[in-house]
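Asker: 3D model of this:
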Amino acid sequence: MENRSRRRLRVLLWVAGLALLFALYASGLGSNPPGFYLDESAPAYNAYLVAHTGAGEFGPRFPLFFQYYTDAFTQIGDPTQIYMLAAVFRFFPPSILLARLFSAFWVFSACLLLGLLAKRISGRSMIGVIVAATALLTPWFFEGRGLLLEPQFVPMALAPFLLTLCHVQKKESWNWLEVALLAATLALVTYCYTSGRILGPLLALGLLFFATSRRRLISVVKAGLLYGATLFPILVFNWRNPGVLTKRLNEISYIKPGVPLSEIVSQFVQRYLEDQSLTGLLLNGDYHPRHHVQGSGGALFYATFILAIIGLVIIIARRRRDPWWRFVLYGLAVAIVPGAISVEPFHGMRLMAYPVFLLLLTVPALEWLLARDKHKSDFVPSPSHEGEEPLWEDGQPFEPGVAEGVLPRVARLWILFFLLALTAVEAYRFQTVFRRDGPKRAFDFDVEYKAAYDAATRQSARPIYLEDGKWGPAYIHALWYAAVEKRPRSEFVHLAPGAKAPAGKVVISSSEGCQGCETIMRTGVYQVYKSL
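Answerer: Reported below is the predicted structural model:
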């Protein structure tokens, strides 16, 4: 009974500690980011509709993919976040803060799972804590924590897959439950974002690194076939709706019908190298203010990058025969592909898988920095396992540099202390700029639309007409704010392109101007007017 009480107390303390940590992590989300961007309103509104009607704004009940916007603005939304947020909106009233907390929770969880993965790889809790803390502080993740955008879920989709793979790769054969978990987590990666439909199959192909024996090859083939079955709904959807899933790729990529293959390859190589630019990685970050507060530094800390480079050297020099670390290097390489096939350099949202693998590279570095001093007398070769790395008596990989005393443990601990201190300094600087300048991004998060919406709803005329123009399909904001305020959908009419509202009706417009109208209010790029 006493042991059970202690276990309960320990669980309660862990839950309370994690809750406090999450509260600290999510602090400021009520005002930073400010407002709500239209690409956030779209999934939020569709999630609200699914929660209460089972269908999105367009199409059948419980669709595989969701249509956002209309006409030339049409995009396709992936199902993962919408259905998960719908489950939240089923029990809690919709709000911007709740949507941002939902996003922050999954980024927070991904960071903790990466720490758990680091602990399982290294067998050391301290390394798990350092990796989790680094992930939580990393600007790339931290700035994505409050955005209700599909890419921010990529780390959370990757973490369970990597945890499962880390577990099964130690076994000679994988049972059907393990194979199913691998396929399911790969499917989660595939269905969470547009780039996931590229990243998922590439990671599945990487499972071949573990096909080191006949039994393992059979396991890899089973996982591949089961994962392939999860792609069948995508193939059916694409067959029934030709061109729909590739529309967004055609808009953002240089890979188009009619473009010569040589030009595509040349562009890909150039873009692939640009997305590894240290300027974007360490100095400036993503140039979109929505994704990164300008002037706050890079997307990754210098200290994290140094650890990743040390880890990369250790893997190449000593662990290149280990299938797990080969896969990590492969994952690092393919994580850049979704960004490299687009025309924009260092687009942080399309590269959200990249920091996951960079953080994994820090694990060998931390293992080396924390390793105890050893002597050559402790070293025993492993003649019975030809081709494997030699081991110490305690079973750890042999590291000649440590054995020869080139860099004693005290020196390595000082290096680690310096890098952790540098992380703290960089985190402080980033947080200072982020919390000071983040709330100023009014234009980038459509802050002014709410003022236009409020001005229109104060008018007595109904319905209110919603006109799209140069500044995008802003009508979705009105529908989302109406859902938050529990206003009937019938109070709003979305105008078709070129259509005019009846005389005397109020219009919220994202066009640059209007003809034959009486302006009620201009705020930012939005206008509220009465049609004459």
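
Asker: Which residues are in contact with the spatially closest residue to H291 that is not a sequence neighbour?
Answerer: Among residues not flanking H291 along the chain, G348 sits closest, at 4.8 Å (CB to CB, 6 or more residues apart in numbering). In this view, the C-beta of every residue, glycine as well, is placed from N, C-alpha and C. For G348, the contact set (CB atoms under 8 Å, 6 or more residues apart in numbering) comprises W140, E143, G144, G285, D286, H288, H291, H292, A299.

Asker: residue ranges of the helices in the stretch 101-250 of the chain, please?
Answerer: Counting by DSSP state H, counting those that start in this stretch, the stretch 101-250 of the chain has helices at residues 125-137, 139-144, 154-168, 176-191, 196-206, 214-230, 232-240, 247-252.

Asker: Now mean pLDDT and distance to I76 too, for those helices, in CSV please.
Answerer: Below are these laid out as CSV (pLDDT from 0 to 100; distance: least, CB to CB, whole Å):
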stretch, mean pLDDT, distance to I76
helix 125-137, 97, 30
helix 139-144, 95, 21
helix 154-168, 96, 17
helix 176-191, 95, 12
helix 196-206, 95, 11
helix 214-230, 95, 18
helix 232-240, 91, 9
helix 247-252, 79, 7
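
Asker: right, so of the ones you listed, which gets closest to A496?
Answerer: Closest to A496 of the helices of the stretch 101-250 of the chain is helix 247-252 (CB to CB; 19.7 Å).

Asker: hang on, the earlier thing: possible to save the helices of the stretch 101-250 of the chain as CSV with mean neighbour count and distance to A461?
Answerer: Below are these laid out as CSV (neighbours: other CB atoms under 10 Å; distance: least, CB to CB, whole Å):
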stretch, mean neighbour count, distance to A461
helix 125-137, 21, 49
helix 139-144, 25, 40
helix 154-168, 23, 44
helix 176-191, 21, 43
helix 196-206, 21, 44
helix 214-230, 17, 50
helix 232-240, 12, 41
helix 247-252, 13, 36
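
Asker: which regions of the stretch 251-400 of the chain lie under the pLDDT threshold?
Answerer: The model of the stretch 251-400 of the chain has pLDDT under 70 over residues 374-400.

Asker: Go again with 50.
Answerer: 376-377, 379, 381-388, 390-395, 398-400 (pLDDT under 50).

Asker: Could I get the full set of strands for it?
Answerer: Secondary structure of the stretch 251-400 of the chain (DSSP state E, counting those that start in this stretch): strands at 379-380, 391-392.

Asker: Same question for the stretch 1-150 of the chain.
Answerer: With DSSP E, counting those that start in this stretch as the criterion, the stretch 1-150 of the chain has strands spanning 66-68, 75-77.

Asker: and what of the stretch 401-532 of the chain?
Answerer: For the stretch 401-532 of the chain, the strands defined by DSSP E, counting those that start in this stretch cover 464-467, 492-494, 506-509, 517-523, 526-531.

Asker: Single out the most deeply packed of those strands.
Answerer: Stretch with highest mean neighbour count among those: strand 506-509 (a mean of 24; mean count of other CB atoms under 10 Å).

Asker: just checking, what packs against that one?
Answerer: Strand 506-509 sits against helix 447-457, strand 464-467, strand 526-531, with contacts defined as 3 or more CB pairs under 8 Å, 6 or more residues apart in numbering; DSSP states H and E.

Asker: re earlier: what's the farthest-apart pair in the contacts of G348?
Answerer: Largest separation among the contacts of G348 by CB to CB: W140 and H288, giving 12.9 Å.

Asker: circling back to that earlier point, closest one to L199 among the strands of the stretch 401-532 of the chain?
Answerer: When the strands of the stretch 401-532 of the chain are compared (using CB to CB), the closest one is strand 492-494, at 34.1 Å.

Asker: list the helices and strands the closest one packs on?
Answerer: Contact partners of strand 492-494 among helices and strands, from 3+ CB pairs under 8 Å, 6+ apart: strand 464-467, helix 475-484.

Asker: Adjacent strands (with direction) for that strand?
Answerer: strand 464-467 (parallel) (DSSP bridges).

Asker: now the partner strand, how far from the chain's geometric center?
Answerer: 34 Å (CA atoms, centre = their mean, to the nearest Å).

Asker: Could I get the CA-only coordinates of it as CSV?
Answerer: Taking Å, rounded to 0.1, in the frame of the first residue of the first chain, the C-alpha atoms of strand 464-467 are listed here in CSV:
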residue,chain,number,x,y,z
ILE,A,464,-23.0,41.0,-44.3
TYR,A,465,-21.2,40.4,-47.6
LEU,A,466,-17.6,39.2,-47.8
GLU,A,467,-15.5,40.2,-50.7
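
Asker: Quick one: closest of the strands of the stretch 401-532 of the chain to G196.
Answerer: strand 492-494 (29.8 Å).
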